[in-house]
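Peer 1: return a 3D structure for these sequence lines:
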Amino acid sequence: MPKPLTIAVDVRDLRLAKTGTRTYLEELCREFKKMESDELHFCFLDTSISVYTGHNKLLKYIEHARYQFWKQVALPLKAFLKGCDIVFCTDNCVPIIHLGYQTIPVFHDAFCFESPEAYGKLWLWLYMKTAVPAAKRSRFVITPTEWSKKQIHHYTQIPDEKLLVVYEGPKHLNPGEAANANARLTKFALTPK
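Peer 2: Presented below is the predicted three-dimensional model:
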């Protein structure tokens, strides 16, 4: 029997997200679990270290460093050791290094480019040094709308053919829709570069 396609899903955001990004990740994980089969396996990867969500400025800087360590060191190693073929992150930061797997981030919007004043300088600097180059190395970048795709391409120069619009669907899929999504995901993942 051939090895199943193994997709690592970064679930660290469940430790800190409280609104739409949390719902997005929870719903995807719920549906991914339903899609498990002999041909498709999901690994839900998380950090074992608690995530700081307070307001102390120094501790927030330390948490930024820990986030980068997770994304660029711990997550890639965990995915490699589990034999993953794809690392999927529901935020726009994926590992820059590829240890035998491809990466797929989700860029929900281009807000950090359109309104950089809403972000700290350190965060923006790290974002430009890690998230954008990693996305350019990714197999695909998912975005939820045609407008987001256009804006992300404009600000990052990620080629249009790498930017895939995947609309955010209803909270629950019926069994037929889930099977159809499973077939599309497997075909999508196995399509040659």
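Peer 1: for stretch 62-76, give the mean pLDDT please.
Peer 2: Across stretch 62-76, the average pLDDT comes to 94.
Peer 1: beta partners of the closest residue in space to Glu36 that isn't next to it in sequence?
Peer 2: Distances taken as C-beta to C-beta, 6 or more residues apart in numbering place Phe42 nearest to Glu36, at 6.4 Å, with adjacent residues excluded. From N, CA and C alone the C-beta is placed, and that goes for glycine too. Per DSSP bridges, the residues bridged to Phe42 are Ile7.
Peer 1: distance of Phe42 relative to Cys84?
Peer 2: 9 Å (C-beta to C-beta, to the nearest Å).
Peer 1: more neighbours, these two?
Peer 2: Legend: neighbour count by other C-beta atoms under 10 Å for Phe42 and Cys84, higher for Cys84 (24 against 20).
Peer 1: contacting residues around the nearest residue to the more buried one once chain neighbours are set aside?
Peer 2: Closest residue in space to Cys84, ignoring its immediate chain neighbours: Ala8 at 4.1 Å, by C-beta to C-beta, 6+ apart. Residues in contact with Ala8 (C-beta atoms under 8 Å, 6 or more residues apart in numbering) are Phe42, Cys43, Leu45, Leu75, Lys78, Ala79, Lys82, Cys84, Ile86, Val87, Phe88, Tyr101.
Peer 1: if you set the cut-off to 6 Å instead, what comes out?
Peer 2: By C-beta atoms under 6 Å, 6 or more residues apart in numbering, the contact list for Ala8 reads Cys43, Leu45, Ala79, Cys84, Val87.
Peer 1: the second one contacts Leu77, correct?
Peer 2: Just to be clear, that refers to Leu45. No: judged on C-beta atoms under 6 Å, Leu45 makes no contact with Leu77 at a distance of 10.0 Å.
Peer 1: the more surrounded of the two?
Peer 2: Set Leu45 next to Leu77 and count neighbours by other C-beta under 10 Å: Leu45 wins out with 20 against 12.
Peer 1: please, where are all the helices along this protein?
Peer 2: With DSSP state H as the criterion, the chain has helices at 20-35, 57-69, 75-81, 111-114, 121-126, 132-137, 146-156, 175-190.
Peer 1: as JSON lines, these with distance to Lys3 would be great.
Peer 2: As requested, these are exported to JSON lines (distance: least, C-beta to C-beta, whole Å):
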{"stretch": "helix 20-35", "distance to Lys3": "17"}
{"stretch": "helix 57-69", "distance to Lys3": "29"}
{"stretch": "helix 75-81", "distance to Lys3": "15"}
{"stretch": "helix 111-114", "distance to Lys3": "38"}
{"stretch": "helix 121-126", "distance to Lys3": "35"}
{"stretch": "helix 132-137", "distance to Lys3": "24"}
{"stretch": "helix 146-156", "distance to Lys3": "33"}
{"stretch": "helix 175-190", "distance to Lys3": "12"}
